[in-house]
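Novice: Quick one, structure for this:
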Amino acid sequence: MEEQNDATNPYENLYSVPATASLWVLLPKVAGGIALSTGFIIGLFWLQFGVVDGFAWLCAAIAAGFQILVVIGLRHKDRLNEGPYVRGNATLDMIGALWLVAVVFGSVIGWFTGSLAASIPGAAIPLHGVTVVLTIVLPFLTSLPNYRYVNGSRAIIMLPMLLILTILPMLLGINSARALWAAFNQ
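Specialist: Numbers count the residues shown, from 1 in each chain. Modelled structure (predicted):
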């Protein structure tokens, strides 16, 4: 299969900047897209629910994080085999591969179960337990194997992204964790 030339390869330029440019040049270029998607998501929540709560901001932050990850991923697409990597533990790699799924779907389902716990007082403790597992425990546990790959010059980007995207769903589970703590310490 032939290599595509620069004119037809859509990944050669990101936001009118060569994909090989520094991340400090590329990331400010994505700021317009982040602002637009954040406004769109917040506007949708306002129109649908009439209120903009923490979950709306969390959704906007996750969308912004994904946009930044796309830019970083395309920036490093040609350097996949560069640097020392830990290899050989397929089980840990499979757990780490579920990290992004745990962050996204755990936060959505956790938000739902946490909100449902307020509506159904008789089932509040199990629902808060499910919320804590989905928003705190799973994102944390599935992120741990991914820290093995944080090394070299990319650590300045990889570590904050892992930490920030892991902490975001945890913010949803804080109130449920407090409710569980209060329920078991009465």
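Novice: Report the mean per-residue pLDDT for the host helix or strand of Leu92.
Specialist: Assigned by DSSP states H and E, Leu92 belongs to helix 90-97. Averaged over helix 90-97, pLDDT sits at 82.
Novice: what do you get for stretch 124-139?
Specialist: Stretch 124-139 comes out at a mean pLDDT of 94.
Novice: measure that stretch end to end?
Specialist: 22 Å (CA to CA, to the nearest Å).
Novice: Could I get the buried residue list for it?
Specialist: Neighbour-count burial for stretch 124-139, counted by 16 or more other CB atoms under 10 Å, picks out 124, 127-139. The C-beta positions use only the backbone N, C-alpha and C, and glycine is treated the same way.
Novice: Next: stretch 24-43.
Specialist: Leu26, Leu27, Val30, Gly33, Ile34, Ser37, Thr38, Ile41.
Novice: Tell me how far it lies from the chain's centre.
Specialist: Chain-centre distance of stretch 24-43: 15 Å, with CA atoms, centre = their mean, to the nearest Å.
Novice: Just name whatever secondary elements the helix holding Leu92 is in contact with.
Specialist: Contacts defined by 3 or more CB pairs under 8 Å, 6 or more residues apart in numbering; DSSP states H and E place helix 90-97 against helix 138-143.
Novice: can you give me the helices for this structure?
Specialist: Using DSSP state H, the helices of the chain run over 23-49, 54-75, 90-97, 99-119, 124-132, 138-143, 155-184.
Novice: if we can go back for a sec, if we go by neighbour counts, what in the helix holding Leu92 is buried?
Specialist: For helix 90-97, by 16+ other CB under 10 Å, it's Ile95, Gly96.
Novice: Contacts for it, please.
Specialist: Leu141, Thr142, Ser143, Leu144, Pro145, Asn146, Arg148 (CB atoms under 8 Å, 6 or more residues apart in numbering).
Novice: Hmm, Leu165 is touching Ala64, no?
Specialist: No: counting by CB atoms under 8 Å, Leu165 sits too far from Ala64 to count as a contact (10.3 Å).
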